[in-house]
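Chemist: got a predicted structure here, sequence first:
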Amino acid sequence: QVQLVESGGGLVQAGGSLRLSCAASGRTFSMYVMGWFRQAPGKEREFVAAINWSGGTTYYADSVKGRFTISRDNAKNTVYLQMNRLKPEDTAVYYCAQQRGIYGMPRRSDNEYDYWGQGTQVTVSS
């Protein structure tokens with residue numbers, strides 16, 4: 001059974017930084033694309049970033065490009081999301097997810113992901 005456990009959320013002032021982590025277990029981590037999504041109150045879940053199995057390919061939503069960085073450590077079965085220059089509109093519950101199928105290219109649609117973490121709250125105050 002795949003488990004994804006996020007950590008690192010919290011309350012931060014606008015302009016600050018946070019680093020989210022997602023520890024994975026249950027299947028060979030290094031074979032799967034990993035993604036980060038977020039959901040703000042009253043809004044649909046949206047794509048934030050994704051990284052391929054090797055870490056060599058990354059995709060970002062336009063809203064976070066240049067501010068957020070996704071990375072992974074396959075030896076630690078962990079994916080990270082470094083968030084800099086945070087804005088109040090970044091406030092959301094952040095979820096990590098593991099994409100369906102091995103050695104795939106990162107996808108932006110949440111329909112492509114079959115395992116999800118429980119989420120971690122990120123709140124950015126103005």
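Modeler: Perfect, thanks for sending it.

Chemist: please name the bridge partners of Phe37.
Modeler: According to DSSP bridges, the partner residues bridging Phe37 are Phe47, Tyr95.

Chemist: got the contact list for the residue nearest the centre of the chain?
Modeler: Centre of the chain computed as the mean C-alpha position; nearest residue by C-alpha atoms, centre = their mean is Trp36, 2.2 Å away. Residues near Trp36 by C-beta atoms under 8 Å, 6 or more residues apart in numbering: Leu20, Cys22, Val48, Ala49, Ala50, Ile70, Val79, Leu81, Tyr94, Tyr95, Cys96, Ala97. Yep, even glycine has a C-beta here, placed from its N, CA and C like the rest.

Chemist: residues near the nearest residue to the fourth one once chain neighbours are set aside, how many?
Modeler: Distance criterion C-beta to C-beta, 6 or more residues apart in numbering; nearest residue to Ala49, sequence neighbours excluded, is Ile70 at 4.0 Å. Applying other C-beta atoms under 10 Å, we find 23 other residues in the vicinity of Ile70.

Chemist: secondary structure element for Ile70?
Modeler: Assigning secondary structure by DSSP states H and E places Ile70 in strand 68-73.

Chemist: any idea of the mean pLDDT in the helix or strand that comes right after that strand?
Modeler: Beyond strand 68-73 on the C-terminal side, the first helix or strand identified by DSSP H and E is strand 78-83. The predicted model assigns strand 78-83 a mean pLDDT of 98.

Chemist: how about the CA coordinates for strand 78-83, as CSV?
Modeler: This file holds the C-alpha atoms of strand 78-83, laid out as CSV (Å, rounded to 0.1, in the frame of the first residue of the first chain):
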residue,chain,number,x,y,z
THR,A,78,11.2,12.1,-0.5
VAL,A,79,10.0,14.9,-2.8
TYR,A,80,10.3,18.5,-1.8
LEU,A,81,8.7,21.8,-2.6
GLN,A,82,10.8,24.9,-1.8
MET,A,83,8.5,27.9,-1.8
